[in-house]
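Visitor: could you look at this predicted model? Sequence included:
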Amino acid sequence: MQHMQLENARAVVTGASSGIGAGIAQAFAAAGASVIVNFHSDEEAARRIVEEIRGSGGTAEAIGADVSQPEDVGTLFDAAQSHFGGVDILVANAGIQRDAAFTELSLKDWQQVIDVNLTGQFLCAQEAVRRFRRQGPDPDRSPALGRIIFTSSVHQAIPWAGHANYATAKGGVKLLMQSMAQELSCEKVRVNAVAPGAIKTDINREAWDDEEAREQLLKLIPYGRIGETADIAGAAVWLASDASDYVVGTTLFVDGGMMLYPSFRGDG
């Protein structure tokens with residue numbers, strides 16, 4: 001049953017104070033995991049998520065860290081060690097957008113998105129693997145030494161005009177995930193990614209919050225609805241669980257068919 005899928009697991013979820021990260025943290029806790037709810041600036045929101053988890057009988061701690069800073073990343077995993085005795089699962093989810101037309105995109109906004117969305121995921125994953133190795137295998141917990149899930153995007157494959165920094169970072173996440181999986185799977189470290197399509201979160205509210213924008217967006221989604229954070233959270237729970245133990249180096253697209261390029265229906 002789903003509520004037992006992550007029993008006794010210890011998870012770090014970055015960028016978990018809102019949106020997809022919050023949904024994943026809550027779903028992990030409901031599935032039995034103890035969860036570090038990472039936040040960068042919104043401590044109040046993270047603590048609210050933690051209280052909701054605890055109120056439902058789960059275990060969680062809110063920990064502030066900037067994933068683009070190695071020292072902060074170390075602090076995040078030290079917290080998992082201190083509170084839970086270690087870490088079994090990383091969900092590298094933290095991400096930002098700083099959008100602009102290509103020739104108007106500032107170096108600062110380019111660098112900030114790369115630092116958080118790509119370098120931050122690298123730093124967290126690197127530290128997770130070091131912790132997994134230090135802990136060693138524990139067959140009573142999982143056949144895997146450790147599990148890493150990157151939050152990518154359909155834009156790891158679909159170009160996105162006006163969002164060159166974001167799409168570049170997500171394309172990098174794709175090959176980071178695959179390269180890690182190729183290198184580390186022999187140690188039973190499972191590395192995968194979940195790639196959301198259009199999901200109702202505050203970061204993209206302008207794309208779905210009014211009727212006209214919503215109708216335009218739905219033209220890109222063959223399944224005919226905009227995704228919810230629960231759609232991504234459920235996929236992440238499965239990828240983190242032993243039910244997917246033979247799934248390695250895979251990107252699971254959760255996008256209502258957006259990757260099918262629906263504009264080509266009817267011969268294009």
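Guide: Thanks, I have it.
Visitor: use CA for all of it now, contacts and neighbours both
Guide: Will do.
Visitor: just give me the longest helix of this structure.
Guide: Counting residues, the longest helix found in the chain (DSSP state H) is helix 164-184.
Visitor: mind listing what the next helix or strand after it pairs with, with the direction of each?
Guide: Once the chain leaves helix 164-184, the next helix or strand it forms, by DSSP states H and E, is strand 189-196. If you go by DSSP bridges, strand 189-196 pairs up with strand 146-151 (parallel), strand 251-254 (parallel).
Visitor: now the strands for the chain?
Guide: Along the chain, the segments classed as strands by DSSP state E run 10-13, 34-39, 59-64, 89-92, 146-151, 189-196, 251-254.
Visitor: where does pLDDT dip in the chain?
Guide: Applying pLDDT under 70 to the chain flags residues 1-4, 207-208, 267-268.
Visitor: from residue 229, how far out is residue 259?
Guide: Between residue 259 and residue 229 the distance is 18 Å, computed by Cα to Cα, to the nearest Å.
Visitor: those two - which one has more neighbours?
Guide: Using other Cα atoms under 10 Å as the criterion, residue 259 and residue 229 rank with residue 229 on top: 20 against 17.
Visitor: grab the nearest non-local neighbour of that one.
Guide: residue 20 (5.1 Å; Cα to Cα, 6 or more residues apart in numbering).
Visitor: output the strands paired with strand 189-196 as JSON lines; include the columns mean neighbour count and distance to residue 115.
Guide: Formatted as JSON lines, the strands paired with strand 189-196 follow (neighbours: other Cα atoms under 10 Å; distance: least, Cα to Cα, whole Å):
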{"stretch": "strand 146-151", "mean neighbour count": "26", "distance to residue 115": "15"}
{"stretch": "strand 251-254", "mean neighbour count": "20", "distance to residue 115": "22"}
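Visitor: so residue 102 sits right up against residue 160, yeah?
Guide: No: assessed by Cα atoms under 8 Å, residue 102 is found out of contact with residue 160, at 10.6 Å.
Visitor: that older thread, could you dump the strands of the chain into CSV with distance to residue 175 added?
Guide: Below are those laid out as CSV (distance: least, Cα to Cα, whole Å):
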stretch, distance to residue 175
strand 10-13, 21
strand 34-39, 24
strand 59-64, 28
strand 89-92, 15
strand 146-151, 11
strand 189-196, 11
strand 251-254, 10
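Visitor: and residue 122, which of these is closest to it?
Guide: strand 89-92 (8.6 Å; Cα to Cα).
Visitor: tell me what the closest one is packed against?
Guide: Applying 3 or more Cα pairs under 8 Å, 6 or more residues apart in numbering; DSSP states H and E, we find strand 89-92 packed against strand 10-13, helix 120-135, strand 146-151.
Visitor: and for the shortest one, what's in contact with it?
Guide: This points to strand 10-13. The contact list for strand 10-13 (Cα atoms under 8 Å, 6 or more residues apart in numbering) reads 21, 24-25, 28, 33-38, 76-77, 80, 84, 86-93.
Visitor: rewinding a little: enumerate every residue touching the residue nearest to residue 229.
Guide: Going by Cα under 8 Å, 6+ apart, residue 20 touches 93, 201, 229, 232-233.
Visitor: most neighbours, which of the residues you listed?
Guide: Ranking the contacts of residue 20 using other Cα under 10 Å puts residue 93 first, with 27 neighbours.
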